[in-house]
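[1] predicted coordinates and the sequence they were generated for:
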Protein chains: 2
Amino acid sequence: MNTLTLNAPYLVFLGDANDLIMAKVAKGIAHWRPEKCVAQLRLAGAKADLGLPDMSVQEAAAAGAKTFVVGLAPIGGTLPKEWIGLLIEAMEAGLDIASGLHMRLVDIPELVAAAERTGQTLYDVRIPKGEMVCGTGLPRSGKRLLSVGTDCCVGKMFTTLAIHKEMAQRGMNATFRATGQTGILIEGNGVPVDAVVSDFIAGMVEVLSPDNTADHWDIIEGQGSLFHPAYAGVSLGLLHGAQADVLIVCHEAGRVQMDSMDGYLVPELDKVIETNLAMGAVTNPNIRLGGIALNTVNLTHEDALKEIARVEAKFGVPVVDPVRTGVASIVDNLETL
Amino acid sequence: MNTLTLNAPYLVFLGDANDLIMAKVAKGIAHWRPEKCVAQLRLAGAKADLGLPDMSVQEAAAAGAKTFVVGLAPIGGTLPKEWIGLLIEAMEAGLDIASGLHMRLVDIPELVAAAERTGQTLYDVRIPKGEMVCGTGLPRSGKRLLSVGTDCCVGKMFTTLAIHKEMAQRGMNATFRATGQTGILIEGNGVPVDAVVSDFIAGMVEVLSPDNTADHWDIIEGQGSLFHPAYAGVSLGLLHGAQADVLIVCHEAGRVQMDSMDGYLVPELDKVIETNLAMGAVTNPNIRLGGIALNTVNLTHEDALKEIARVEAKFGVPVVDPVRTGVASIVDNLETL
């Protein structure tokens, strides 16, 4: 197996987070996979609250927790030294540790020693696992949806998680396929595509989304944008490896300047749609646009609905804001495929 | 410094190669950088010959050699055990070791121990060196040319080496920028782009090709193809990071089926040109097509010249076969820029 797989359920660690903005990962896990969360663990003074029972590592282990998930990103992405003792205690109680921090658990000798002693596993979800393989481009059975973006941070993960949830609620046969650290911690499985050596991007997405039954949907989390000057290579490898039948294009309404990229404007939706369909057709000639997800967080409710209607009229596909309107109209459309 | 840089000149090791097909890397170094080659070292029975003086490691060191370059790829990419003693002897004589084999020198404990003892360096040119950085997309001074392809193995490295040589002979200010293992061993410097973690492809190409004087050309070796189902991510990151002013599109005349890719046809030249220009414009809106390099190895001389003329008439840019016709007409055109 060369995807990362965490053991569920989790004890979600909130550290000393004052709010759920600091504990974004924890919030995502509790929101999308409540059934995987046994308890939360907060340090003295922490004000963030997931609404889960507060437990010590020993209590959580007794309640069945298998993995201690570091659910926040301290400034700089490093693990505060004061937490190391707690992580060791968690392993001694029988829990694995999972983290998406830049600082790797496996680079902290005390943690490595404790993992060896206890037989527990350290999961750095930014480190790809197992043998890397090159893409074959061969067709696979089952159906695939991929979210792509006009930019980074426009809602690609949220959109795919929402579509997966809607499908699951309707009893459709679907799996969320995580490609980034937060998605992997939420799903408990995935491939951190941007951390894979570049020769293997497409190949590892093929591994992440293998042959399946004809009625099955893989709902694949997108990364970056074909128009992003730093990350487009990741996006194209992901698009080719996914062999998507359906693309959902994600865009933040009103964003003009690309995220953290001086001098780069967000590309036009029609250009992004056209380019993704053209490049995606290299590995799946039947690729089609299945909808547009607009992030309208910066618009009033009235303006948001107007913008959604305008874009829907222009492109002739279901247009949603996954937060504001839900994704039902997109899934209605997919049910007919 | 986070590009790989080897110390020249070299002692080129041919092992037990029977011909220069087996010793392709050695042949490339001796052909393109004869001034960097002090001598060759051949094991008993080897029939391959670069026409360089035969020397032992001690003789080569006395003659000024700084690096022992493994110039052949044994089947499977592993280093035969019998060679380890010789590599240690080379380090003891004061030479660094450079290799592009899949099996890493740094994974062979005897070599690592000898490197520590002698103070020499082991260079695995498949391993990126130093801190990896993300792309900025910011414009850089100087001029840049990138070779792109309709497929893998169509002559992208050869084309850029030939253009660089032609420019150097004309006294133009130009540097060859290697992005693959063979190119790096030839030039003695570069970034193995396909081995870089995918988040950093564009960024590391920016590092490889920094700001320069206005008259300077970076001649950047391309990799893969935007239409290759396994490697297109590498190609797009390279295209964006290069911020090329000029593309040279490389194609093998008459190739129908993509290299090692079942079910994939080589894309049409016009589509490849159009797509590379459109995607390249993301980081350099002034990108233009500077010529086409046709690999006509499988055509008769007469058919090759006809095909070159046909393609030239169709696209209106200089078309060459770097082997058959040289690249002068492309460089004539570049001199006017």
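    That came through, no problem.
[2] going by C-alpha atoms from here, please, whenever you check contacts or count neighbours.
    Fine.
[3] give me the element the closest residue to residue A:319 other than its chain neighbours is part of.
    Nearest non-adjacent residue to residue A:319, counting by CA to CA, 6 or more residues apart in numbering or on different chains: residue A:292, 4.7 Å away. Secondary-structure assignment from DSSP states H and E places residue A:292 in strand A:288-295.
[4] which strands border that strand, and is each parallel or antiparallel?
    Looking at strand A:288-295 with DSSP bridges, its paired strands and their directions are strand A:246-252 (parallel), strand A:319-320 (parallel).
[5] one step back: wait, what's in contact with the residue nearest to residue A:319?
    By CA atoms under 8 Å, 6 or more residues apart in numbering or on different chains, the residues touching residue A:292 are A:248-251, A:317-320.
[6] quick one, phi/psi of the residue of chain A most remote from its centre?
    Largest separation from the mean C-alpha position in chain A: residue A:117, at 31.9 Å (CA atoms, centre = their mean). Per-residue torsions, residue A:117: phi -70, psi -40 (degrees, to the nearest 10).
[7] quick one, strands of chain A?
    In chain A, strands defined by DSSP state E lie at A:4-5, A:10-15, A:37-42, A:67-70, A:96-99, A:122-124, A:143-149, A:174-177, A:189-190, A:217-220, A:246-252, A:288-295, A:319-320, listed in chain order.
[8] what packs against the second one?
    Where contact means 3 or more CA pairs under 8 Å, 6 or more residues apart in numbering or on different chains; DSSP states H and E, strand A:10-15 is packed against helix A:24-32, strand A:37-42, strand A:67-70.
[9] packing partners of the shortest one?
    When contacts are defined as 3+ CA pairs under 8 Å, 6+ apart, strand A:67-70 sits against strand A:10-15, strand A:96-99.
[10] picking that back up, per-residue confidence for the residue farthest from the centre of chain A?
    Looking at residue A:117, its pLDDT reads 98.
[11] one more: residue A:142?
    Here, the pLDDT recorded for residue A:142 equals 98.
[12] over to the one 10 residues further on?
    Residue A:152 carries a pLDDT value of 95.
[13] gap between it and chain B?
    Distance of residue A:152 to chain B, given as CA to the nearest CA, to the nearest Å: 13 Å.
[14] how about the helices in the stretch 101-250 of chain A?
    With DSSP state H, counting those that start in this stretch, the ranges of helices along the stretch 101-250 of chain A come out as A:109-118, A:156-169, A:181-187, A:201-208, A:232-242.
[15] got the residues of the stretch 101-250 of chain A near chain B?
    Residues of the stretch 101-250 of chain A lying close to chain B by CA under 8 Å from any CA of the partner chain are A:134-138, A:193-203, A:227-238, A:240-241.
[16] quick check: phi and psi on the residue of the stretch 1-150 of chain A found nearest chain B?
    Taking CA to the nearest CA, chain B has its nearest neighbour within the stretch 1-150 of chain A at residue A:135, 4.3 Å off. Per-residue torsions, residue A:135: phi -70, psi 150 (degrees, to the nearest 10).
[17] who are the contact partners of it?
    Counted by CA under 8 Å, 6+ apart, residue A:135 has contacts A:200-204, A:206, A:241, B:229-231.
[18] same thing with residue A:154?
    So residue A:154 contacts A:250-252, A:295 (CA under 8 Å, 6+ apart).
[19] and residue A:160, how far is that from residue A:330?
    Using CA to CA, to the nearest Å, residue A:160 is found at 11 Å from residue A:330.
[20] nope, residue A:231 is what I was after
    Residue A:231 is 27 Å from residue A:330, by CA to CA.
[21] who's more crowded, these two?
    Neighbours around residue A:231 and residue A:330, counted as other CA atoms under 10 Å in any protein chain shown, are more numerous at residue A:231. The numbers are 29 against 21.
[22] now do the contacts for that one.
    A:224-225, B:135, B:198-202, B:237.
[23] go again using 7 Å as the cut-off
    A:224-225, B:199 (CA atoms under 7 Å, 6 or more residues apart in numbering or on different chains).
[24] my read is that residue A:265 contacts residue A:255, right?
    No - with contact defined as CA atoms under 7 Å, residue A:265 does not reach residue A:255; the gap is 8.7 Å.
[25] where does pLDDT dip in the stretch 101-250 of chain A?
    Along the stretch 101-250 of chain A, the model assigns pLDDT under 70 to no residue.
[26] just to revisit the earlier point, which of the helices and strands packed on strand A:10-15 is buried the deepest?
    Among the helices and strands packed on strand A:10-15, strand A:67-70 has the highest mean neighbour count (mean count of other CA atoms under 10 Å in any protein chain shown), at a mean of 28.
[27] can you list the strands that it pairs with?
    strand A:10-15 (parallel), strand A:96-99 (parallel).
[28] how many residues are close by residue A:295?
    Other residues lying near residue A:295 total 25 when counted by other CA under 10 Å.
[29] which strand residues bridge it?
    With DSSP bridges as the rule, residue A:295 is bridged to residue A:252.
[30] so it sits against residue A:254, correct?
    No - counting by CA under 7 Å, residue A:295 sits too far from residue A:254 to count as a contact (9.1 Å).
[31] on that earlier part again, winner for burial among the strands paired with strand A:67-70?
    strand A:10-15 (a mean of 29).
[32] next, work out how far apart residue A:199 and residue B:159 are.
    22 Å.
[33] the more surrounded of the two?
    Neighbours were counted for residue A:199 and for residue B:159 using other CA under 10 Å; residue B:159 has more, 29 against 26.
[34] contact partners for that one?
    Contacts of residue B:159 by CA under 7 Å, 6+ apart are B:293, B:322.
[35] OK, contacts around residue A:261?
    residue B:136.
[36] and residue A:86, how many neighbours?
    Applying other CA under 10 Å, we find 13 residues neighbouring residue A:86.
[37] what do you get for residue A:51?
    With other CA under 10 Å as criterion, residue A:51 counts 9.
[38] find me the pLDDT at it, would you?
    Value for residue A:51, per-residue pLDDT: 96.
[39] please apply the same query to residue A:1.
    pLDDT, read off for residue A:1, is 63.
[40] with residue A:71 instead?
    Value for residue A:71, per-residue pLDDT: 92.
[41] pretty sure it contacts residue A:26?
    Yes - Residue A:71 lies in contact with residue A:26 (CA under 7 Å); the separation is 4.2 Å.
[42] need the residues touching each of the two.
    With CA under 7 Å, 6+ apart as the test, residue A:71 and residue A:26 both reach A:12, A:14.
[43] go through the strands paired with strand A:67-70 and name the closest to residue B:33.
    When the strands paired with strand A:67-70 are compared for distance to residue B:33 using CA to CA, the nearest one is strand A:96-99, at 47.9 Å.
[44] and the closest one, how far from the chain's centre?
    17 Å (CA atoms, centre = their mean, to the nearest Å).
[45] any idea how many residues pack against residue A:131?
    Residue A:131: 9 surrounding residues under other CA under 10 Å.
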